[in-house]
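Q: need coordinates for the following:
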Amino acid sequence: MAEKEIYEIVQLTSDGENARPSWSPDGKRIAFVSNRAGSDDIWVMDSDGSNPLRVTEGLPRDTNPKYSPDGVQIAFIRVAPKSSTLCLTTVAGGTAVPVLGSCMAFSWSPRGDKIACNLLAGDTGNLYVVEVKDQEKQRLAGNTVWYDTPAWNPTGDKIAFSAKRAGEHTISMVSLEQGDVQTLIESDRACDSPAWSPHGDRIAFTSLRTGSWNLWSCDVVSREQEQLTKSLASDLEPLWSPDGKKIVFKSLRGGNWDIIMMNADGTGQTPLTTHPADDLDPAWSPRGDKIAFVSLRTGRPEIFALLLK
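A: Below you'll find the predicted structure:
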């Protein structure tokens, strides 16, 4: 069945190459990366694609924008030939403020007062938390952390992260108050991309333990694990819907990257895109009624929106 027969898909960008959509907390704006002005910069636009505004500019490559929970600031990574720096800027643009160097991935705390960062040191990563107000940083885990994005629990007192120790792959969580690290998942095969449910009771993640990348879910208290997908291709990067009832992810099961949605227990797996070109980088709107994503269906990366309701 063609996509248009199931739901509406709207193209939001058409100038240059565009990627990494990130919704504002009120759902009215989308931050993204675009090279339409000649360099990879951070832009924002209305949720319907109108009123694009350039927020950063310059020769370094800016990527991975994320709105602060209050919608006032945008954090992003500025990539130079030998560095990658976490920076902050306002949504109206202006001078970007460098926060932390060697940053590979990051995420805002639910209150927006802290940012968890995966910092590269040699061949390994280190998990840090930095205070937004005074940029004071605290190291929570080190020399074992993978390069994927650390995940805050909804109350902002714990962070989940993936790690590798002496050939053993784990997903662990660390308490900001006590500083203790607890292992949730252990495997001799890779596991990463932890994503905390909005209710804080489960963590979805990807694992290679069956021989192909699939999605799993772990109860944070009992540590009981449940396999959600059983694909022979790759299912990656689970994202919970704001109400916790659905999970979207990108998958190669159709021969190219498509976006698939399922119930939180793994049932009802439904392809949201079926175009022969790659569709990836899904991002839920705050109300859960839209999903922004990147598609190559026009021959270059553009941002589209799926209207679910």
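Q: only C-alpha atoms for contact and neighbour calcs from this point on.
A: Will do.
Q: if I look at Val33, how far off is Val220?
A: 34 Å (Cα to Cα, to the nearest Å).
Q: these two: who's more crowded?
A: For Val33 versus Val220, neighbours defined as other Cα atoms under 10 Å are more numerous around Val33 (27 against 16).
Q: now do the contacts for the more buried one.
A: With contacts defined as Cα atoms under 8 Å, 6 or more residues apart in numbering, the neighbours of Val33 are Asn18, Ala19, Arg20, Pro21, Asp40, Asp41, Ile42, Trp43, Asp62, Thr63, Asn64, Pro65.
Q: can you check Ala37 too?
A: Gly16.
Q: repeat that for Arg61.
A: Arg61 sits in contact with Ser39, Asp40, Asp41, Arg78, Val79, Ala80, where contact means Cα under 8 Å, 6+ apart.
Q: give me the low-pLDDT residue ranges for this structure?
A: 1-6, 122-123, 143-147 (pLDDT under 70).
Q: circling back: mind putting the contacts of Val33 into TSV with neighbour count?
A: TSV is the format used below for the contacts of Val33 (neighbours: other Cα atoms under 10 Å):
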residue	neighbour count
Asn18	25
Ala19	25
Arg20	24
Pro21	28
Asp40	25
Asp41	25
Ile42	31
Trp43	24
Asp62	26
Thr63	21
Asn64	20
Pro65	27
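Q: could you dump these to JSON lines with secondary structure and distance to Gly179?
A: Listed next are the contacts of Val33 as JSON lines, based on DSSP: H, G, I helix; E, B strand; the rest coil; distance: Cα to Cα, whole Å:
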{"residue": "Asn18", "secondary structure": "strand", "distance to Gly179": "39"}
{"residue": "Ala19", "secondary structure": "strand", "distance to Gly179": "36"}
{"residue": "Arg20", "secondary structure": "strand", "distance to Gly179": "32"}
{"residue": "Pro21", "secondary structure": "strand", "distance to Gly179": "33"}
{"residue": "Asp40", "secondary structure": "coil", "distance to Gly179": "37"}
{"residue": "Asp41", "secondary structure": "strand", "distance to Gly179": "36"}
{"residue": "Ile42", "secondary structure": "strand", "distance to Gly179": "34"}
{"residue": "Trp43", "secondary structure": "strand", "distance to Gly179": "37"}
{"residue": "Asp62", "secondary structure": "strand", "distance to Gly179": "32"}
{"residue": "Thr63", "secondary structure": "strand", "distance to Gly179": "30"}
{"residue": "Asn64", "secondary structure": "strand", "distance to Gly179": "28"}
{"residue": "Pro65", "secondary structure": "strand", "distance to Gly179": "28"}
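Q: what is the nearest of the residues you listed to Ser197?
A: Pro21 (20.5 Å; Cα to Cα).
Q: the closest one is in contact with Ile30, isn't it?
A: Yes: taking contacts as Cα atoms under 8 Å, Pro21 lies within contact range of Ile30: 6.2 Å.
Q: with adjacent residues omitted, what lies nearest to Cys103?
A: Once flanking residues are discounted, Cys103 sits nearest to Leu119: 4.5 Å by Cα to Cα, 6 or more residues apart in numbering.
Q: tell me the buried residues in the host helix or strand of that neighbour?
A: According to DSSP states H and E, Leu119 maps onto strand 114-121. Residues Lys114, Ile115, Ala116, Cys117, Asn118, Leu119, Leu120 are the ones in strand 114-121 that count as buried (16 or more other Cα atoms under 10 Å).
Q: nice, that's everything, thank you.
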